[in-house]
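Asker: I would like the atomic coordinates for the input below:
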Amino acid sequence: MHAQRTLRRPISCTGIGLHSGNKVTLSLKPAPANFGIRFRRTDLGGVEIPATVEHLAGMHYATGLARDTGTVDTVEHLLSALVSLGVDNVLIELNTPEVPIMDGSAAPFIYLIHEAGVKRLAAPKKYLKVLRPMTLVSGDKRIAVYPSDHFKVTYSIAFDHPMLRQQSRTIRITEESFVEEIAPARTFGFLKEVEMLRQRGLALGGSLENAIVIGDTGVLNNALRFDDEFVRHKILDVIGDLALTGYQIIGHVVAHRGGHALHTAFAAQILAEPDAWELVEPPIDAEAVDAPVVLPVKDSRPALA
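Answerer: This is a model prediction of the structure:
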């Protein structure tokens with residue numbers, strides 16, 4: 001029916017910031033049509049930061065936003081969950097500058113959205129439909145988007161490590177495929193980088209409970225959720241980063257060895273090339289707006305903190 005969506009009721013949780021190490025209270029609240037996705041810093045008197053490329057801040061192993069005196073970091077996993085479940089309008093309240101890392105995946109946020117419920121609004125959704133290819137290259141990193149009839153992602157990674165020298169996956173992103181195949185994939189890092197990150201004031205909240213930690217010979221903590229969990233998490237990241245265009249994309253995204261800096265620069269480039277896309281606004285069935293929205297959910301629900 002292509003109607004805009006928001007949450008049915010507010011919901012909250014607590015967690016730890018991956019890089020700050022601080023305890024965070026996160027609240028998701030319903031918002032009206034055309035409100036978009038906005039973060040509100042309750043500890044700064046209610047400064048609001050829209051989740052758009054215009055408010056991008058420094059990339060420090062995560063995606064950050066800033067506006068006036070307010071900042072918010074590590075937004076990508078939550079944005080990925082929201083946009084993949086079609087939630088267009090939501091107010092996200094935080095009492096610190098970082099979204100909690102939870103278990104390192106988007107699965108806890110999927111659970112929160114499911115528990116809050118989703119409802120349709122009496123306003124049509126706008127999609128960004130790609131009309132011609134766009135490409136961004138930075139050294140050996142590359143990202144592009146091609147015309148398609150739906151949203152699809154192809155991602156490949158390559159590292160100098162025996163566990164993940166190369167992984168690649170292509171997936172059409174639907175609510176069901178995201179919940180089942182992408183949302184549970186956790187962020188990952190190398191043990192040898194941990195000390196370097198902490199010396200820079202990063203990864204202070206990182207632990208074996210919220211990230212896959214890779215040593216010289218293998219994973220140090222729990223078993224992988226997927227054989228190719230690493231590339232699946234990259235797909236999760238790029239979905240969240242491209243959500244900063246402000247629209248759900250109809251196109252085939254193809255990325256190789258990307259990261260947050262490349263993803264978000266590409267989101268800005270997409271908006272800077274308006275001849276390469278069009279906004280489409282399918283009609284909505286006004287009589288069906290009040291019909292219940294049934295969201296997919298995995299049988300095994302992750303702990304929230």
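Asker: can we go C-alpha only for contacts and neighbour counts from here?
Answerer: Noted.
Asker: which stretches of the stretch 101-250 of the chain have low pLDDT?
Answerer: By pLDDT under 70, the low-scoring segments of the stretch 101-250 of the chain are 203, 222.
Asker: can you give me the strands in it?
Answerer: In the stretch 101-250 of the chain, the segments counted as strands under DSSP state E, counting those that start in this stretch are 118-124, 127-130, 134-138, 141-146, 152-157, 167-172, 188-190, 212-214, 248-250.
Asker: for residue 276, which of those is the nearest?
Answerer: Counting by C-alpha to C-alpha, residue 276 lies closest to strand 127-130 out of those; the figure is 6.2 Å.
Asker: now for the closest one, which elements pack on it?
Answerer: With contacts defined as 3 or more C-alpha pairs under 8 Å, 6 or more residues apart in numbering; DSSP states H and E, the packing partners of strand 127-130 are strand 248-250, strand 277-280.
Asker: looking at those strands, which is buried most?
Answerer: Of all the helices and strands packed on strand 127-130, strand 248-250 has the most neighbours on average by mean count of other C-alpha atoms under 10 Å, namely a mean of 23.
Asker: from the chain's centre, how far out does that strand sit?
Answerer: Taking C-alpha atoms, centre = their mean, to the nearest Å, one finds the center of strand 248-250 at 14 Å from the center of the full chain.
Asker: packing partners for it?
Answerer: Checked by 3+ C-alpha pairs under 8 Å, 6+ apart, strand 248-250 has strand 127-130 packed alongside it.
Asker: before we move on, back to that, could I get the helices and strands packed on strand 127-130 as CSV with distance to residue 223?
Answerer: As requested, the helices and strands packed on strand 127-130 are exported to CSV (distance: least, C-alpha to C-alpha, whole Å):
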stretch, distance to residue 223
strand 248-250, 33
strand 277-280, 42
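Asker: turn the strands of the stretch 101-250 of the chain into a markdown table, including distance to residue 47.
Answerer: What follows is the strands of the stretch 101-250 of the chain, written out as a markdown table (distance: least, C-alpha to C-alpha, whole Å):
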| stretch | distance to residue 47 |
| --- | --- |
| strand 118-124 | 25 |
| strand 127-130 | 28 |
| strand 134-138 | 33 |
| strand 141-146 | 33 |
| strand 152-157 | 34 |
| strand 167-172 | 36 |
| strand 188-190 | 31 |
| strand 212-214 | 33 |
| strand 248-250 | 25 |
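Asker: which one, of those, ends up nearest to residue 89?
Answerer: Using C-alpha to C-alpha, the nearest of the strands of the stretch 101-250 of the chain to residue 89 is strand 118-124, at 9.5 Å.
Asker: may I see the buried residues of that closest one?
Answerer: Neighbour counts using 16 or more other C-alpha atoms under 10 Å place 118-124 of strand 118-124 among the buried residues.
Asker: that strand: partners in the sheet, and parallel or antiparallel?
Answerer: Within its sheet, and counting by DSSP bridges, strand 118-124 is paired with strand 3-7 (antiparallel).
Asker: next structured bit after the strand it pairs with?
Answerer: Note on strand 3-7: by DSSP states H and E, the next helix or strand toward the C-terminus is strand 11-16.
Asker: partners of that next one, with directions?
Answerer: strand 23-30 (antiparallel).
Asker: ok, residues contacting the partner strand?
Answerer: The contact list for strand 23-30 (C-alpha atoms under 8 Å, 6 or more residues apart in numbering) reads 6-17, 89-96, 98-100.
Asker: residue 35 against residue 89, yeah?
Answerer: Yes: using C-alpha atoms under 8 Å, residue 35 is in contact with residue 89, at 5.4 Å.
Asker: who's more crowded, the two?
Answerer: Neighbours per residue (other C-alpha atoms under 10 Å) separate residue 35 from residue 89, with residue 89 holding more: 23 against 14.
Asker: got the phi/psi numbers for the residue nearest to the more buried one when sequence neighbours are not counted?
Answerer: Nearest residue to residue 89, sequence neighbours excluded (C-alpha to C-alpha, 6 or more residues apart in numbering): residue 36, at 4.3 Å. Backbone torsions for residue 36, taken as degrees, to the nearest 10, come to phi 80, psi -170.
Asker: residues touching residue 36, list them.
Answerer: Residue 36 makes contact with 50-51, 88-90, 246, according to C-alpha under 8 Å, 6+ apart.
Asker: what's the answer for residue 153, then?
Answerer: 170-173, 235, 252-255.
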